[in-house]
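> just coords:
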DNA sequence: ATCAAAGCGGACACGATGTCCACTTACTTG
DNA sequence: CAAGTAAGTGGACATCGTGTCCGCTTTGAT
């Protein structure tokens, strides 16, 4: 029997909005890895219990915020124009994906960092999606055993790696260049 | 004026040994990321204050244990025989380094994971050493701007990445193969 | 044997987590 | 529109880990 999911109540919707808005501000304002459930509850003007009703931890709030921004990229990877979308050779598509991810990290690195708390970055968020994408590129490039390589190719996009590079003074474009070179592994044998 | 560092007192040395031994056992026994200062103090039979006297946090205890095992590799990279040490072409040296790191992670992945708590894996431990090594390989390969690429090439060796790959059922040798392919970026443009 | 200082360890204050439940609010139904 | 009810709220509570502090003990030099 299908659950005919009742629509969200008005006050619930109002609070969800307040929470997300406040959370976005806080992640931007202070070290995203140090943000606490209490910080967000206080800033949003709701009780902690209300927060826990929808989100099990801070990371999942950051994921909720980040998802919005990742949607467009996910769409473009599947159906957008080349080189991001289908049509271009795998190496070029990978490079384009890298560049897009760098832009995303540059714009929302704070949220990305916040998703890392607890150390389970492979289970939450969009990691599975990115991995599936890279896997398909690897298969298209006729690489024998793509599993391990997919994770290795995604590792440089870890939020903390990007943050570390930026903190060192490396520019987004410098990072893109480096990743473009990495993407070349899909070209030749 | 040079500090003529007095030698470590007998009871201090005894306790240091007890602590390291107990810590090694605990990191191996339970989730290394969940190990607490208290766990180690209890197991070692010392007070928490004693622990804090030498180690500021759990990660630094794991680093102390890991250092021992990393010493040999660090030595071989600098002065050992090729392809690990000097003499072989950069791409092969990088592949050899990757393979050695995989062996190290396979043997002491628990300690490596424990060094990651708090999320500052770039400041503690041997990251600086590995990075310097890769940087020198990149320069030898005459790569224009090695900074960003060095971090990208090291990212797949992050303990959590390795742990995730192993948990997925990927074998150490499969991971080595993937990394060997990555190392080829140093060959020919 | 004495003593200063190095080392020890547990108590303490604090901050974050996650749960629980009495109360309030929004929607539905008669 | 009144009343019922289920969803939603929020703060109190218990628990746990952290890091510090300080009176006591041990060590080794004199």
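Cool, the structure landed. Just so you know, these numbers come straight off a predicted model, no measurement behind them.
> anything in stretch A:157-164 near chain B?
Yes: legend: contact between stretch A:157-164 and chain B by C-beta under 8 Å from any C-beta of the partner chain is shown at A:158, A:160-161, A:164. C-beta coordinates here come from the backbone N, C-alpha and C atoms, glycine included.
> do stretch A:168-178 as well
Yes: under the criterion of C-beta under 8 Å from any C-beta, stretch A:168-178 makes contact with chain B via A:168, A:170, A:174-175, A:177-178.
> Flag every residue of chain A that's near chain B.
A:33, A:116-117, A:119, A:121-122, A:143, A:145, A:147-149, A:151-153, A:155-156, A:158, A:160-161, A:164-165, A:168, A:170, A:174-175, A:177-179, A:181-182, A:184-185.
> Let's see which of the residues of stretch A:157-164 next to chain B end up in helices.
Counted as lying in helices by DSSP state H, out of the residues of stretch A:157-164 next to chain B, are A:160-161, A:164.
> hmm, back to that, out of the residues of stretch A:168-178 next to chain B, name the ones that lie in helices.
A:174-175, A:177-178.
> out of those residues, who's nearest residue A:51?
For those, the residue nearest residue A:51 by C-beta to C-beta is residue A:175; the value is 34.5 Å.
> Apart from its chain neighbours, what residue comes closest to that closest one?
residue B:148 (4.7 Å; C-beta to C-beta, 6 or more residues apart in numbering or on different chains).
> about what we covered before: for the residues of stretch A:157-164 next to chain B, work out which two are farthest apart.
Largest separation among these by C-beta to C-beta: A:158 and A:164, giving 9.3 Å.
> These two: who's more crowded?
Between residue A:158 and residue A:164, counting by other C-beta atoms under 10 Å in any protein chain shown, residue A:158 is the more crowded of the two (21 against 18).
> Find the nearest non-adjacent residue to that one, please.
residue B:155 (6.1 Å).
> who's in contact with the one you found?
When contacts are counted by C-beta atoms under 8 Å, 6 or more residues apart in numbering or on different chains, residue B:155 touches A:155-156, A:158, A:161, B:161.
> Turn the residues you listed into TSV, including distance to DNA strand D.
Shown next, in TSV, are the contacts of residue B:155 (distance: C-beta to the nearest atom of the strand, whole Å):
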residue	distance to DNA strand D
A:155	27
A:156	29
A:158	23
A:161	24
B:161	23
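> Go through these and say which is closest to residue B:44.
Out of those, the member with the shortest distance to residue B:44 (by C-beta to C-beta) is residue B:161, at 30.7 Å.
> any idea how far the nearest residue in space to that closest one that is not next to it in sequence lies from DNA strand C?
Using C-beta to C-beta, 6+ apart and skipping residues adjacent in sequence, the residue nearest residue B:161 is residue A:155, 4.9 Å away. For residue A:155, the distance to DNA strand C equals 26 Å [C-beta to the nearest atom of the strand, to the nearest Å].
> Outline the domain layout of chain A.
Using automatic domain parsing, the domain ranges for chain A come out as A:10-55, A:58-186.
> Please identify which of those is closest to residue B:85.
Of all these, domain A:58-186 comes closest under C-beta to C-beta, at 24.0 Å.
> thinking again about what came up before, now, of the residues of chain A next to chain B, which are buried?
The neighbour-count test (16 or more other C-beta atoms under 10 Å in any protein chain shown) marks A:33, A:116-117, A:119, A:121-122, A:143, A:147-149, A:151-153, A:155-156, A:158, A:160-161, A:164-165, A:170, A:174-175, A:177-179, A:181-182, A:184-185 as buried among the residues of chain A next to chain B.
> Now for chain A: which helix has the highest residue count?
Max-length helix for chain A by DSSP H is helix A:90-114.
> for the record, mean pLDDT for the next helix or strand after that helix?
Counting by DSSP states H and E, the next helix or strand C-terminal to helix A:90-114 is helix A:127-140. Mean pLDDT, computed over helix A:127-140, is 97.
> Could you do stretch A:44-59 as well?
Stretch A:44-59 comes out at a mean pLDDT of 94.
> tell me which residues in that stretch are buried?
A:44, A:46, A:50-51, A:55, A:58-59.
> Next, the contact list for the residue nearest to residue A:174 when sequence neighbours are not counted, please.
Spatial nearest neighbour of residue A:174, excluding adjacent residues (C-beta to C-beta, 6+ apart): residue B:148 at 5.0 Å. Counting by C-beta under 8 Å, 6+ apart, residue B:148 touches A:165, A:170, A:174-175, A:177-179.
> any idea which of those is closest to DNA strand C?
The shortest approach to DNA strand C among the contacts of residue B:148 belongs to residue A:165, at 26.9 Å (C-beta to the nearest atom of the strand).
> my read: that closest one touches residue B:150, true?
No: applying C-beta atoms under 8 Å, one finds residue A:165 not in contact with residue B:150, separated by 9.6 Å.
> circling back to that earlier point, in JSON lines: the contacts of residue B:155, plus pLDDT.
Shown next, in JSON lines, are the contacts of residue B:155 (pLDDT from 0 to 100):
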{"residue": "A:155", "pLDDT": "98"}
{"residue": "A:156", "pLDDT": "98"}
{"residue": "A:158", "pLDDT": "97"}
{"residue": "A:161", "pLDDT": "98"}
{"residue": "B:161", "pLDDT": "98"}
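> Run through chain A and note the low-pLDDT ranges.
A:1-6, A:188-189 (pLDDT under 70).
> 50 instead?
Scanning chain A for pLDDT under 50 picks out the ranges A:1-3.
> Up against DNA strand D, what does it have?
Counting by C-beta under 7 Å from any atom of the strand, the positions of chain A adjacent to DNA strand D are A:6, A:8-9, A:11-12, A:14-15, A:45-50, A:52-53.
> which of these are close to DNA strand C?
Near DNA strand C, by the rule C-beta under 7 Å from any atom of the strand, you find A:9, A:11, A:48-49, A:52 out of the residues of chain A next to DNA strand D.
> can you list the residues you listed in a markdown table and add distance to residue A:22 and secondary structure?
Output for those, formatted as a markdown table (distance: C-beta to C-beta, whole Å; DSSP: H, G, I helix; E, B strand; the rest coil):
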| residue | distance to residue A:22 | secondary structure |
| --- | --- | --- |
| A:9 | 20 | coil |
| A:11 | 16 | helix |
| A:48 | 13 | helix |
| A:49 | 16 | helix |
| A:52 | 15 | helix |
